[in-house]
Structure formats: C-alpha cells, structure tokens
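J.: Compute the structure for the input listed below.
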Amino acid sequence: MRRGGGEIWDIEMSRALNKMGHNITLYTGKPLSGDISKPSDLPTIKVTSPFLYDLGYAAPIGVGGLITDIDRQLFITQLRRHLADNYDIVQINGCPETLRIRNSVECPMTIKLNGPPHSLFYDYIHPTKSSYSWLNQADGIVTNQITAKKIRAETDINPTVLPPGVDTNRFTPKENSTERPNPSILWVGRYVPVKNLSELLDGFNNLRERGINAELVLVGEGPLQSKIKKRAKSYDLKDSIRFEGYIPNNKLPTYYSEADIFALSSHHESFGMVLLEAMACGTPVVAPRIDYIPEIVTDGQAGLLYEPGSPGDLSDKLRQLLEDPKRRNEMSQYARKTVTSQFKWEQQAKKLLDYYERIIQ
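T.: Numbering: from 1, shown residues only. Sure, this is the predicted structure:
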C-alpha cells in the first residue's frame, strides 16, 4: 500500500489497536499490473483496481477528474465484493466518495480524513455535488483540528479531532557515526504539488548564495521528482543535494538522526507525521506556519516556523539554526520530550477506541 503520512496513520493506529486485543483488517487498492507492499503483521486484503491516482493528478483538471472518478468507482465496485460482513465498525480512510458503499454495510461506518475533502471530479466537474456532500453518509468523522474547522464551516457536522502518533521506540535519537564536511538538512515526503518542494529549493539556494555550506537530503518519490531535479540543476545545486529516493519507514530514524535540521515547505499538511518522526529522533524542525503545524512545533522551542511563501524567511530560519549548534541541541531535547509525552500511538489509539465505542453504542 502507498506509504504516505495518511497510510502510516492507518497502519500504526491499527497496530496499536491490535496490541490492545482488537482484530483489525486492512483493505487496500492494488494495481492491475505489479503489486504493492503490505504490513506483514496485519491481515490485509488487496482490492484490484486500475490504481490511477497519480495519473489523475498529473492530467489537466477536467481529464484528471474523470480519471480519478472512474478509478474510484471501479475500486468501490471491487471493494463491495471483498468486504466481509462480520465487523463491528468500518472506517474509510480518505476519499469521501468511498462512502458510496454505506448501503452495503450493516455496521456503523466512519471516515478518517487527512485533510479537507477534495475531489478532482466532485469539486470541479459534477454540477451539484461536492466532496463535502458525501460526509453525511458517515456515522462519524475523525480528522485534525484544521480540517474539522473547515468541515464545521461547510456543513452541520462536528468531526472528532484526533492527532496522529509516533512509534517512539522506533523513532528515537541514534548515535550519529557519519562524519560530514557540511551540516545536513533533511526533507521526507512525496514529490507532489502540495509538498511545495520548489520553495525549499529556493530557500536552500538562497542559503548557498549567502555563503553557507550545507547539504540538502531529499527522501521520497513521486510524479514531480524529475521536475525538482531539473530545478536543482538550474540552480547548480546538484553537488549539494542528495536524491535518496524511496526509503522504507523502518530505516528513516537513521536519516532523521543524522540530519542537523528537518525542513518542510508544504502548502498544506494534514497531520504532519514526518514532523513528529523527526522530533521523536531529536531533530530540530524548520516548517511553515500553516494548518496543524504550530500545534505540533512550538516555535522557538522544538524548531522555527517561517512565513509560508517566503523562501527568504525559510532561508533565514535555516541559517539561524545552522549557525547555532547549542540552540539546536536545546531544541532537540525539547522536541523529543514533546513527542514522548503527547504523541505516542498507544495514547492516540485509546482515544480512537473511546470514539469507536461511542459510535457503536
């Protein structure tokens, strides 16, 4: 299954609930050709469908909307055939249109949203419906604070707010045995428009032009990867940037621990999973002042927040931390303490279970 922040939320929350004695089954899409990875410790049923998500977002909006809607309809048709009827509750993860199966499910059905409902079909093409219109089909909604606020503004629905967690045993500071000539800035994510990686490149280029030597490490993959590489080449940054590609989640703690700073430049972040992972490893953060981020990263204590849309401010915040190892060390300790006290998966799973029990009753 795709391993972005939303999918990590699904898997880790399922593991935490499983440890508490509850039986969890995951359903995930599978492309017609090839295969996808799945967690070895959780029952996972693969539902074969065209799996055209990336193609839909790469195409012009009108065409992309049709592609994604057809893709999801085919997935939903197959899901109906696979879905068992012995569950106490079914939770849809993202894609409100999947609530089309509501009339096929006898138990309560909830939805977890990583961000505000969005559909290339219903929000751009369909004459009457929007992605918000599907939410009334759900018996409950779990999301983050920012998305909950937007849903309340658009509907009469009151979602339940539940922050993500992090595995603080896996994501923990590791001894850094790698000697580097220059400090390291790390980014982890997918090469998609919402991650706004070009802003990070602009800020990093600004940093280099000011005579500050540093290395930028980019971990991830996605449809915009070649475009980002071209931008880096145009800035003559290819010798200062490492494109690491996809790295399995269990190997990320080493990358976080080796970095002097973790940087993010997204237009929007739903849960900020990578921020929590970095902080759990004791890595100070530089991130935009958007969405849920200020509730995770205490500005000036766990990291520094910059004004979104300002590569200059991003560059300045990076410079401040690169030039102050003592401050980075203080932030490292604060970041780790914040995560271990507030964001363990076990803590969040107990809250989710309480929510499920209220829905079922």
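
J.: Doesn't Ile101 lie inside a helix?
T.: Yes. Counting by DSSP: H, G, I helix; E, B strand; the rest coil, Ile101 is part of a helix.

J.: Tell me, how many residues neighbour the nearest residue to Tyr292 once chain neighbours are set aside?
T.: Excluding the flanking residues, the one nearest Tyr292 by C-beta to C-beta, 6 or more residues apart in numbering is Asn144, at 4.9 Å. Where you see a C-beta, it was placed from the backbone N, CA and C, and this is true even at glycine. Counted with other C-beta atoms under 10 Å, residues neighbouring Asn144 total 24.

J.: hang on, Asn144 packs against Val161?
T.: Yes. Using C-beta atoms under 8 Å, Asn144 is in contact with Val161, at 6.5 Å.

J.: and the gap between the residue nearest to Asp10 when sequence neighbours are not counted and Phe171?
T.: Spatial nearest neighbour of Asp10, chain neighbours left out: Asn93 (5.1 Å); criterion: C-beta to C-beta, 6+ apart. Using C-beta to C-beta, to the nearest Å, Asn93 is found at 22 Å from Phe171.

J.: In terms of neighbours, single out the busier of the two.
T.: Neighbour totals were compared for Asn93 and Phe171, and Phe171 leads with 24 against 19 (other C-beta under 10 Å).

J.: so what's the more buried one up against?
T.: By C-beta atoms under 8 Å, 6 or more residues apart in numbering, the residues touching Phe171 are Leu252, Pro253, Tyr256, Leu276, Glu277, Ala280, Cys281, Val339.

J.: Those residues into CSV, with extra columns for neighbour count?
T.: CSV is the format used below for those (neighbours: other C-beta atoms under 10 Å):
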residue, neighbour count
Leu252, 19
Pro253, 21
Tyr256, 23
Leu276, 27
Glu277, 26
Ala280, 26
Cys281, 28
Val339, 25
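
J.: where does this protein have its least confident helix or strand?
T.: The helix or strand of the chain with the poorest confidence is helix 53-58; it has a mean of 73 (mean pLDDT, DSSP states H and E).

J.: got a list of contacts for it?
T.: Everything outside helix 53-58 that qualifies as a contact, by C-beta under 8 Å, 6+ apart, is Arg2, Gly64, Gly65, Ile67, Thr68, Asp71, Leu120, Val192, Pro193, Gly222, Pro223.

J.: Centre of the chain to that helix, how far?
T.: A distance of 18 Å separates the centroid of the chain from that of helix 53-58, by C-alpha atoms, centre = their mean, to the nearest Å.

J.: Test my guess that His249 contacts Ile8.
T.: Careful, residue 249 is Asn and not His. Yes. Applying C-beta under 8 Å, one finds Asn249 in contact with Ile8, separated by 6.6 Å.

J.: okay, those two: which has more neighbours?
T.: Per other C-beta under 10 Å, whichever of Asn249 and Ile8 has more neighbours is Ile8, with 20 against 17.

J.: Now that one: which helix or strand?
T.: helix 5-19 (DSSP states H and E).

J.: Identify each buried residue in the longest helix seen in the chain, please.
T.: Criterion DSSP state H: the longest helix present in the chain is helix 61-82. For helix 61-82, the neighbour count (16 or more other C-beta atoms under 10 Å) marks Gly64, Gly65, Ile67, Thr68, Asp69, Asp71, Arg72, Leu74, Phe75, Ile76, Gln78, Leu79 as buried.

J.: is it possible to export those residues to CSV including pLDDT?
T.: Listed next are the buried residues of helix 61-82 as CSV, based on pLDDT from 0 to 100:
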residue, pLDDT
Gly64, 81
Gly65, 79
Ile67, 85
Thr68, 82
Asp69, 83
Asp71, 86
Arg72, 86
Leu74, 89
Phe75, 90
Ile76, 89
Gln78, 91
Leu79, 91
